[in-house]
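Undergrad: 3D model of this:
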Amino acid sequence: MRNFLSLIVIILITYSAKAQQEPKPYTLMVGLSWNAIDDDGSPYKNLIDFGTRWNMLPIPTSVSFDYYLANGMSVESISSFNRFIGSNIVNTKRNESGIIFNTDLNFKFSFGYLTRKPYFDPFIFVGASYTMRPIARIETMFSPNIGAGINIMFSETIGIQLRTAAKIAVYPVIYKHESNYLHHHAGIIYRFGSQNYSGRFRGKKYGWTKKKRYKFR
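TA: Got it, this is the predicted structure:
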C-alpha cells in the first residue's frame, strides 16, 4: 500500500511540473451525494438489483473534495456513511445489519480536458480506500479502488456527478468475494475558482447548443 501511494505521488509531481499554463475548469470542487453499496458476495452478478442488494440511506451521506492540478488531472478525497439493511443480501446471506463508513483518496483524470466540452466531463480514477463495516471477519478493510464516472455541468459552477467504484480487498484478506464490493454515488457538485473558463460554455465551438442557419438557393 505504501509503494502504491508513493507511485501516485510521483506521477502527480511529474505531470504537475509539465503542466501548461491554461485556464482551469476549477480549483476546488465539492460534492454532496447519495451512495449505495453492493456487497452481495457476487460482484459480477445482479448489478442493478436495487431492492435486495443495494444498501443506501434516503438522504445524501457522502462528501467529496476534489483539487484540480492541471491537464485534466486532480486529486480527491471522498468519505461516505451508510448501513447494511438486514433484509438485503450481504455476502450471499441475509440478516447482516449495521453501520458502514468508508473514505477514499484518489487520483482522477477527466476526459473533458481532451474533448474541450465542459458540459459533459467523463472521468476515471484510481486510489486507496479504508472501509469499516459490521462483518466480524472483515470489520476493517484496506483496498485499492478503481472506477469511472461523469460530471454533467449545468453551468461552469454547478452540476451533477454519477460514479461507480470497485473496492478490491488487500487486507485482512486478498481478493475474496465476501470482502470486495461495488460503491455507487450520485449527487450535486459545485466548483470554485474557475479561471476564465466560462467562455467555453458560451463559445460557438459548441454547435449543439445553437441552431444552425441554412441558406436555400
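Undergrad: doesn't residue 185 lie inside a strand?
TA: Yes: counting by DSSP: H, G, I helix; E, B strand; the rest coil, residue 185 is part of a strand.
Undergrad: thinking residue 126 is in contact with residue 107, fair?
TA: Yes: taking contact to mean C-beta atoms under 8 Å, the distance of 5.9 Å between residue 126 and residue 107 places them in contact. No exception for glycine: its C-beta is placed from N, CA and C like everyone else's.
Undergrad: in this protein, what spans have low per-residue confidence?
TA: By pLDDT under 70, the low-scoring segments of the chain are 1-22, 40-52, 86-87, 91-93, 95, 136-137, 177, 195-217.
Undergrad: same thing but 50
TA: The model of the chain has pLDDT under 50 over residues 204-217.
Undergrad: mind listing the strands for this protein?
TA: Counting by DSSP state E, the chain forms strands over residues 28-38, 54-56, 62-70, 73-84, 98-110, 120-132, 140-153, 158-167, 181-192, given from the N-terminal end onward.
Undergrad: hmm, back to that, okay, residue 126 and residue 107: which has more neighbours?
TA: The residue with more neighbours, out of residue 126 and residue 107, is residue 107; 21 against 15, by other C-beta atoms under 10 Å.
Undergrad: please save the CA atoms from stretch 117-132 in PDB.
TA: Extracted C-alpha coordinates of stretch 117-132, given in PDB (Å, rounded to 0.1, in the frame of the first residue of the first chain):
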ATOM      1  CA  LYS A 117     -16.700  20.000 -24.000                       C
ATOM      2  CA  PRO A 118     -17.200  21.300 -20.400                       C
ATOM      3  CA  TYR A 119     -20.900  20.200 -20.200                       C
ATOM      4  CA  PHE A 120     -20.000  16.500 -20.300                       C
ATOM      5  CA  ASP A 121     -16.900  15.500 -18.400                       C
ATOM      6  CA  PRO A 122     -16.400  11.800 -18.100                       C
ATOM      7  CA  PHE A 123     -13.500  10.700 -15.800                       C
ATOM      8  CA  ILE A 124     -11.700   7.700 -14.500                       C
ATOM      9  CA  PHE A 125      -9.900   7.300 -11.100                       C
ATOM     10  CA  VAL A 126      -7.700   5.100  -9.100                       C
ATOM     11  CA  GLY A 127      -6.800   5.200  -5.400                       C
ATOM     12  CA  ALA A 128      -6.800   3.700  -2.000                       C
ATOM     13  CA  SER A 129      -9.700   3.100   0.400                       C
ATOM     14  CA  TYR A 130     -10.400   2.300   4.000                       C
ATOM     15  CA  THR A 131     -13.700   0.600   5.000                       C
ATOM     16  CA  MET A 132     -15.300  -0.100   8.400                       C
END
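Undergrad: could the strands of the chain go into TSV alongside distance to residue 175?
TA: Output for those, formatted as TSV (distance: least, C-beta to C-beta, whole Å):
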stretch	distance to residue 175
strand 28-38	17
strand 54-56	21
strand 62-70	25
strand 73-84	21
strand 98-110	18
strand 120-132	14
strand 140-153	9
strand 158-167	11
strand 181-192	12
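Undergrad: which among those is found nearest to residue 174?
TA: Distance to residue 174, taken as C-beta to C-beta, is lowest for strand 140-153 among these, at 9.8 Å.
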